[in-house]
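Asker: Just need the structure, nothing else, for what follows:
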Amino acid sequence: MRPGAHFKKSADGKLAICAICNKSLKKWNNRSNLKQHLARIHPTVLNQDTTDLENAEGSPIPGPSGLLQNEKSVQENQNLPPPSKKFKQLLLYGVRRDELSDSNIKEINNALIKIITRDYQPLSIVEDEGFIDYSHKLQPLYKIPSRKTLSSDMLAARYAQSVTKLKALLGNTKTISITTDIWISDNNTAYTTKLKALLGNTKTISITTDIWISDNNTAYTTITSHFIYDNVVRAHVLTTKQIVGSHTAQNIADV
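Answerer: Model (predicted):
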């Protein structure tokens, strides 16, 4: 591109106005003056013009046969059918197929186990509607394992791997320090006495109850008190008891 392409004439035709910075230069017909301005103020533009000119000069002009070949290629591309909508979405891990590979399934399963073991999420998360929808949005081809498969197979295998890894680690360790800790559950006497003192100074108390199932499928009900003490919202567990039998209203009331 010529230097003059970056300038325009002033109204009187005497000045050259830079189209990039709007600076006015004397002598519109002086191309060297315009080129010096580009080299001094806009060097990148001048360098690009030089590159474009070299590329244009180095490109061979196609002959008649070349033009016919190019035209034929364009027509062939135009006649190609549009890409299938089946492959429109780029799936997780860059997979474009109807099923996941074994390695991809293993990677996702390991990530799911990490959610359970590292973030202490319940096994029932695989049955939660929100989690199922979220997983499907990330990878529609991934089939979420059932709760039974997760606990009986996947977690059991991970536990065995962890035990083997720990044994190997301890086997290569010369000195091991063992510590123990004593802890008291929330139903101890000291906790109960403290909670009674708090509740005694509280005018309004909200009670909530929740039924939950442990990892060994044992049902429990937990009663929690919610109140404000010293301008701080508090929540304390009052009791947790096992529910025997089905979760009928009578069985829950008998607890």
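
Asker: Going by C-alpha atoms from here, please, whenever you check contacts or count neighbours.
Answerer: OK.

Asker: got the domain boundaries for this structure?
Answerer: What automatic domain parsing lists as the domains of the chain is 3-58, 92-171, 189-254.

Asker: Point to the helix or strand of the chain where mean pLDDT is at its lowest.
Answerer: Least confident helix or strand, the chain: helix 64-79 with a mean of 52, by mean pLDDT, DSSP states H and E.

Asker: Mean neighbour count and mean pLDDT for the domains of the chain - can I get that in TSV?
Answerer: What follows is the domains of the chain, written out as TSV (neighbours: other CA atoms under 10 Å; pLDDT from 0 to 100):
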stretch	mean neighbour count	mean pLDDT
domain 3-58	14	73
domain 92-171	13	87
domain 189-254	13	79
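
Asker: continuing past the least confident helix or strand of the chain, what's the next helix or strand?
Answerer: Per DSSP states H and E, the first helix or strand lying C-terminal to helix 64-79 is helix 102-118.

Asker: Could you give the separation of that next one from the chain centroid?
Answerer: Helix 102-118 sits 15 Å away from the centroid of its parent chain (CA atoms, centre = their mean, to the nearest Å).

Asker: quick one: what helix or strand has H247 in it?
Answerer: H247 belongs to no helix or strand when assigned by DSSP H and E.

Asker: Now it. Its backbone dihedrals?
Answerer: phi -90, psi 60 (degrees, to the nearest 10).

Asker: how near is it to V255?
Answerer: With distances taken as CA to CA, to the nearest Å, H247 is found 11 Å from V255.

Asker: Same check on H6?
Answerer: In this view, H6 and V255 are 88 Å apart by CA to CA.

Asker: And Y120, by the same measure?
Answerer: Y120 is 28 Å from V255, by CA to CA.

Asker: so F227, which of the three states?
Answerer: strand (DSSP: H, G, I helix; E, B strand; the rest coil).

Asker: for it, what are its contacts?
Answerer: F227 makes contact with T202, T204, I205, S206, V233, R234, A235, according to CA atoms under 8 Å, 6 or more residues apart in numbering.

Asker: Without its sequence neighbours, what residue ends up closest to the fifth one?
Answerer: Counting by CA to CA, 6 or more residues apart in numbering, F227 is the residue found nearest to V233 once chain neighbours are left out, at 5.9 Å.

Asker: Specify the beta-bridge partners of that neighbour.
Answerer: R234 (DSSP bridges).

Asker: State the helix or strand in which the residue nearest to I113 when sequence neighbours are not counted lies.
Answerer: Excluding the flanking residues, the one nearest I113 by CA to CA, 6+ apart is L155, at 6.9 Å. With secondary structure defined by DSSP H and E, L155 is part of helix 155-171.

Asker: Repeat that for L34.
Answerer: If you go by DSSP H and E, L34 is part of helix 31-41.

Asker: What of T222?
Answerer: strand 219-229.

Asker: residue closest to the middle of this protein?
Answerer: What sits nearest the mean C-alpha location of the chain, by CA atoms, centre = their mean, is L138, with 8.8 Å.
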